[in-house]
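Asks: sequence and predicted structure, then a few things I'm wondering about:
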Amino acid sequence: MCFSAEVSFGASAVLVTTGVLTIRESKKREQLVFAMIPILFGVQQFFEGWVWVSLQNEGYDIIRSVSMFGFLIFAQLIWPVLVPLSVYLLETNKPRKQLITFSLVLGVSLALLLGYRFIAYDVSAFIQEKHIFYQVGHFKSTNWWSGIFYLLPALFPFIFSSIKKINVVGYLMLLLFVVSKVFYLRYMISTWCFFAGLISVYIWFIVKDMNRVKR
């Protein structure tokens, strides 16, 4: 599989369009954050499209810096907080809501830690074997265990939800997390965010179904 600027921009267009439709489909305030997920993935892919462009052309240093940080802020700061928050707002089952609350607290803590790393260490991006490799300081992201701690706030709230269709999103993302670990270990941040973004299109069907059932 080969990723490129064209793939990222194309995915961005699809996700932003889906996100707009999903937001329009949401009928209650508690659905809004969840409905925003596809459009936010679209913005993230738009940033990565510009990372590709800036790495393939000279004189794009400012664009490279802005787009690289834009992509990584989504990947490492926004998703660990927004995913559990979005599911928390929808959840009505008290025991499951407690699990999601724990994930949210963990996500906020993780975002603060990863945000500190952005400030304390150099951040860089490279094209290697037709993929983008992101590096923050000397942190080794090419080990099997790296990223496992990230799953609890950024993925497992979907699985903790009492809404079965949201569980499907979690299981699909977990499956593609494993696929990314097996086949794209060095490029995990880029590839899994891309796969997760594509899966988020399903959120449109979930929100639509929520309101269809209620009507």
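Replies: On my side now, so go ahead.
Asks: report the buried residues of the longest helix belonging to the chain.
Replies: Counting by DSSP state H, the longest helix found in the chain is helix 94-120. Residues of helix 94-120 classed as buried: 96-97, 99-100, 102-104, 106-108, 110-111, 114, 118 (neighbour count, 16 or more other CB atoms under 10 Å). Every C-beta, even on glycine, is put in place using the N, C-alpha and C of the backbone.
Asks: now it: average pLDDT?
Replies: For helix 94-120, mean pLDDT is 93.
Asks: identify the residues contacting stretch 96-104?
Replies: Contact with stretch 96-104 is made by 81, 84-85, 87-88, 91, 152-153, 156-157, 160-162, as judged by CB atoms under 8 Å, 6 or more residues apart in numbering.
Asks: likewise for stretch 107-125?
Replies: 51, 55, 64, 68-69, 72-73, 76-78, 80-81, 83-85, 132-139, 149-150, 152-154.
Asks: which ChimeraX command selects the buried ones in the residues you listed?
Replies: The following ChimeraX line selects those of the contacts of stretch 107-125 that are buried, judged by 16+ other CB under 10 Å:
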select :51,55,64,68,69,72,73,76,77,78,80,81,83,84,85,132,133,134,135,136,150,152,153,154
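Asks: return the subset of the contacts of stretch 107-125 lying in strands.
Replies: Counting by DSSP state E, the part of the contacts of stretch 107-125 found in strands is 132-136.
Asks: picking up where we left off before, just send the buried residues of helix 94-120 back as JSON lines, with distance to I39 too.
Replies: Putting these into JSON lines (distance: CB to CB, whole Å) gives the following:
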{"residue": "R96", "distance to I39": "26"}
{"residue": "K97", "distance to I39": "25"}
{"residue": "L99", "distance to I39": "27"}
{"residue": "I100", "distance to I39": "22"}
{"residue": "F102", "distance to I39": "27"}
{"residue": "S103", "distance to I39": "22"}
{"residue": "L104", "distance to I39": "21"}
{"residue": "L106", "distance to I39": "25"}
{"residue": "G107", "distance to I39": "20"}
{"residue": "V108", "distance to I39": "22"}
{"residue": "L110", "distance to I39": "23"}
{"residue": "A111", "distance to I39": "20"}
{"residue": "L114", "distance to I39": "23"}
{"residue": "F118", "distance to I39": "24"}
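Asks: shaky segments in the protein?
Replies: 1-2, 138-146, 213-215 (pLDDT under 70).
Asks: which residues in this structure form helices?
Replies: 5-25, 29-35, 37-56, 61-73, 79-90, 94-120, 148-154, 156-160, 164-183, 188-199, 202-214.
Asks: would you mind putting those into TSV with distance to Q128 alongside?
Replies: As requested, these are exported to TSV (distance: least, CB to CB, whole Å):
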stretch	distance to Q128
helix 5-25	16
helix 29-35	35
helix 37-56	10
helix 61-73	15
helix 79-90	23
helix 94-120	21
helix 148-154	22
helix 156-160	30
helix 164-183	14
helix 188-199	10
helix 202-214	31
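Asks: how far out from the middle of the chain is the longest helix of the chain?
Replies: When distances are taken as CA atoms, centre = their mean, to the nearest Å, helix 94-120 is centred 14 Å away from the chain's centroid.
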